[in-house]
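Peer 1: I would like the atomic coordinates for the input below:
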Amino acid sequence: MKNYVLDYVNENEFHKLEKTLKKYNTFAYKKLNVDYYPDFKAGKFQGEVVSQNKKEGTTTYELKLPSDEMFAQIHGEIKLIYTVYTKEKTVMLSEITPKRILIEGHNSTLDTYKGVMISKENASKDMFKINLLNELKGFKE
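Peer 2: Down below sits the predicted model:
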């Protein structure tokens with residue numbers, strides 16, 4: 001059994017992102033803690049390989065977390081980015097994206113519009129996107 005250790009590039013910032021994820025997308029947060037982190041510790045790495053450095057023995061992954069389809073279209077997919085250091089048996093957790101909306105959600109409570117989280121900074125832009133996507137969805141049906 002391979003026992004990998006979880007570490008952080010910036011632990012404080014990463015925990016802020018996790019807390020916001022827990023607040024706004026509990027399912028993705030639980031999936032991280034119940035499924036993915038134990039798998040990482042056991043040496044089972046999931047997600048898309050973004051880069052590899054065979055000389056240093058590192059592999060960087062991008063793991064898509066579950067999210068609402070509308071949220072993904074407005075803000076982007078929720079992804080965990082991490083690097084595996086094979087020689088050191090370490091999984092370095094880098095960040096959770098989309099970082100902007102998650103940091104904003106940590107700093108203040110975000111509003112929702114038609115069931116989708118919107119940023120305070122770009123509220124009108126986010127509402128426009130939601131309305132546009134809803135109209136396009138209506139034309140398809």
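Peer 1: quick one: buried residues of the helix ranked longest in the chain?
Peer 2: Under DSSP state H, the helix in the chain containing the largest number of residues is helix 123-140. For helix 123-140, the neighbour count (16 or more other C-beta atoms under 10 Å) marks D126, M127, K129, I130, L133 as buried. Placement of C-beta: from N, CA and C, glycine included.
Peer 1: export those to CSV and tack on distance to Y4 and pLDDT?
Peer 2: Formatted as CSV, the buried residues of helix 123-140 follow (distance: C-beta to C-beta, whole Å; pLDDT from 0 to 100):
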residue, distance to Y4, pLDDT
D126, 38, 72
M127, 43, 73
K129, 39, 77
I130, 40, 75
L133, 40, 74
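Peer 1: any idea which helix or strand in the protein has the lowest mean pLDDT?
Peer 2: Ranked by mean pLDDT, DSSP states H and E, the weakest helix or strand in the chain is helix 99-107, scoring a mean of 58.
Peer 1: so L32 touches K64, yeah?
Peer 2: No: between L32 and K64 there is no contact under C-beta atoms under 8 Å: 11.9 Å.
Peer 1: okay, these two: which has more neighbours?
Peer 2: Set L32 next to K64 and count neighbours by other C-beta atoms under 10 Å: L32 wins out with 21 against 14.
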